[in-house]
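# could you look at this predicted model? Sequence included:
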Amino acid sequence: MTMARLARLHDLDDDEIWRQASVPDPTEIRRRVDIHRLAALTGRPAAHLAGALPELRDPGPHWPAFRHAPQTGCPRCDAHHPGGPIYRILPHHRYVCTRHLHWIGPPDLNRPGPELHTFPEIVTAQHRHLRLLRRHGWAATYDAVQTGFMICGHLWEATWEERFGPTLLRGIWDSRCYQLIPEDTETQTFSASRIFAAVYPKAVDLAVILASPFWRKTVAGGKRQLAGFVAEIGDRIYDPYYQPRNGDAIAHWIEEDCWRPPSPPPTK
C-alpha cells in the first residue's frame, strides 16, 4: 500500500518502484523492502521511514501488541499525506486519537470512526487505558479490556429476567448510541465500531480491576475475599445488589479466567 501511494505521487509504475526499493528475500520471486534503498529513493532519512513503517524498524516491533490487520486511522491525521488512502497498523491500546478527538478502533474497514468532541468520557477512557498499559503491560491490559467489553455486551444484551439490579448502564449506552447512530441515519452511520465506542468507557473502568494483580489474587482467595471483589464490581456496574450467577460473564471470569495468564490477541 505504501509503495502504491509513492508510485502514484511520482507518476511511476507500481512494479518498477517496488523493484527499486526492495531486495531479493531470498530470491527474485520473493522480495522485501530495503530501508536504505527506500531512503535513497524518497530522499527521507531511514529513521523517519522506520517511524512511519514499523516493519522497517530494527529491532522490529513486538507484533503481538499490534492489531493483525491494517485499518483506516484518524482522517485529520491522515489529511496531509497525499497519494491515496492511508492504512495503519495500530496497537491494541489505541482506540481514540486524543489530538483530534476521533475514534480509531476497533476498525471498520474503509469507514472512518466518529468524531468525539461531544463525548469527553470516551476520550478520558483512552487516557485511563494508557495508564493501565503503563501499570500492567500490554498483554494484561489487552486481556482486561477485551474482558470488559464482553461483560458490557452481556449486561447490555441480557433479558429482563437475567438482568440484575437497576438498568442505569443500559440507559447510558442506549443514549450514547442514539448520539453516535442518529435516528433515520442507521444505513449510513451504523457500525460495530460505534457500538464499541458506546461501551468503551465502562469496559476500561472494569478493566482497571480485571487487570489488577491485587484483585485477581483477591478473587481467588476464598469467599471472604471474593465478597470484596463482588462489592467493588457491583459499584462499577451500578448494581449494589449484584451477586455472581450461572451464565453471567462476571461469574465466568471469576470461575474460569481470573487465575489464568492473559489471553493473547488474534493473529489472523
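Alright, I've got the coordinates. Numbering: from 1, shown residues only.

# for stretch 248-263, give me every contacting residue.
For stretch 248-263, contacts defined as C-beta atoms under 8 Å, 6 or more residues apart in numbering pick out 139-140, 142-144, 146-147, 150-151, 153-155, 158, 162, 164, 210, 216, 219-220, 226, 229, 233, 242, 244-245. For the C-beta atoms, the positions are set from N, CA and C on the backbone; glycine is no exception.

# cool, stretch 49-56 as well?
In contact with stretch 49-56 (C-beta under 8 Å, 6+ apart) are residues 2, 33, 35, 38-39, 42, 46, 57-58, 60-61, 66, 89.

# let me know the closest of the residues you listed to residue 264.
Residue 264 lies nearest to residue 66 out of the contacts of stretch 49-56, by C-beta to C-beta, at 12.5 Å.

# from residue 29, how far off is that closest one?
Residue 66 sits at a distance of 27 Å from residue 29 (criterion: C-beta to C-beta, to the nearest Å).

# and the two? which has more neighbours close in?
Here residue 66 and residue 29 are compared on neighbour count by other C-beta atoms under 10 Å; more neighbours surround residue 66, at 18 against 7.

# buried sites along the host helix or strand of residue 32?
Under the criterion of DSSP states H and E, residue 32 resides in strand 31-33. By 16 or more other C-beta atoms under 10 Å, the buried positions in strand 31-33 come out as residue 33.

# which among the contacts of stretch 49-56 count as buried?
For these, buried by 16+ other C-beta under 10 Å: 2, 33, 35, 38-39, 42, 46, 66, 89.

# so of those, which ones are in helices?
2, 35, 38-39, 42, 46 (DSSP state H).

# and those, which is closest to residue 85?
residue 2 (11.2 Å).

# where's the dip in pLDDT among the contacts of stretch 49-56?
Within the set of the contacts of stretch 49-56, pLDDT is lowest for residue 2 (65).

# look up how far residue 56 lies from residue 28.
Taken as C-beta to C-beta, the span from residue 28 to residue 56 is 21 Å.

# so if I had to pick from the two, which one is more boxed in?
residue 56 (20 against 10).

# what's the burial count for the closest residue to residue 136 other than its chain neighbours?
In space, and not counting its chain neighbours, residue 136 is closest to residue 211: 4.7 Å by C-beta to C-beta, 6 or more residues apart in numbering. Here the number of neighbours of residue 211 (other C-beta under 10 Å) works out to 24.

# who does the strand holding residue 32 touch, helix- and strand-wise?
Here strand 31-33 touches helix 14-21, strand 22-24, going by 3 or more C-beta pairs under 8 Å, 6 or more residues apart in numbering; DSSP states H and E.

# tell me the pLDDT at residue 112?
On the pLDDT scale, residue 112 gets 77.
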